[in-house]
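Undergrad: Got a sequence here, can you build the structure:
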Amino acid sequence: MKRFDKNKFIEIREEKGYSQNDVAYLNDLALNTVKNWEENDVLPNADNIGKLAEFFDVKTDYFYTEVEE
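TA: Numbering: from 1, shown residues only. A predicted model of the protein is given here:
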């Protein structure tokens with residue numbers, strides 16, 4: 001099963017030089033939404049994964065990792 005990997009999200013955000021606020025503002029998201037993805041294990045929905053993939057110029061699969069159930 002694949003699951004959103006918040007560490008990959010944090011890594012690419014920091015690698016590209018964006019703050020949480022930058023990602024929220026530039027993708028028309030609430031700052032609390034981005035914070036929740038990173039800090040509270042809240043999972044972004046499919047639409048937001050698509051936004052992030054386009055924003056960071058990666059495939060949507062980039063943000064997922066295989067996990068055992």
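
Undergrad: And the strands in this protein, which stretches?
TA: For the chain, the strands identified by DSSP state E occupy 2-4, 64-66, in order along the chain.

Undergrad: ranges for the helices of the chain?
TA: 6-15, 20-26, 31-39, 46-56 (DSSP state H).

Undergrad: Show me the one of the ones you listed that comes nearest T65.
TA: Nearest of the helices of the chain to T65, taken as C-beta to C-beta: helix 6-15 at 7.0 Å. Backbone N, C-alpha and C define where each C-beta goes, glycine included.

Undergrad: Next, the angle from the closest one to helix 46-56.
TA: Taking axes from the mean of the first three to the mean of the last three C-alpha atoms, to 10 degrees, helix 6-15 and helix 46-56 form an angle of 30 degrees between their directions.

Undergrad: which residues touch N27?
TA: N48, K51, L52, F55 (C-beta atoms under 8 Å, 6 or more residues apart in numbering).

Undergrad: rerun that using 6 Å as the cut-off
TA: With contact taken as C-beta atoms under 6 Å, 6 or more residues apart in numbering, N27 is in contact with K51, F55.

Undergrad: Relative to D41, how far out is it?
TA: For N27, the distance to D41 equals 20 Å [C-beta to C-beta, to the nearest Å].

Undergrad: cool, I12 as well?
TA: Distance of I12 to D41, given as C-beta to C-beta: 18 Å.

Undergrad: residue nearest the centroid of this protein?
TA: The C-alpha lying nearest the average C-alpha coordinate of the chain belongs to F9 (C-alpha atoms, centre = their mean; 4.4 Å).

Undergrad: Endpoint to endpoint, stretch 9-25 covers what distance?
TA: Length of stretch 9-25, first residue to last, C-alpha to C-alpha, to the nearest Å: 16 Å.

Undergrad: to the chain's geometric centre, what's the distance from it?
TA: Centroid displacement of stretch 9-25 relative to its chain, using C-alpha atoms, centre = their mean, to the nearest Å, is 9 Å.
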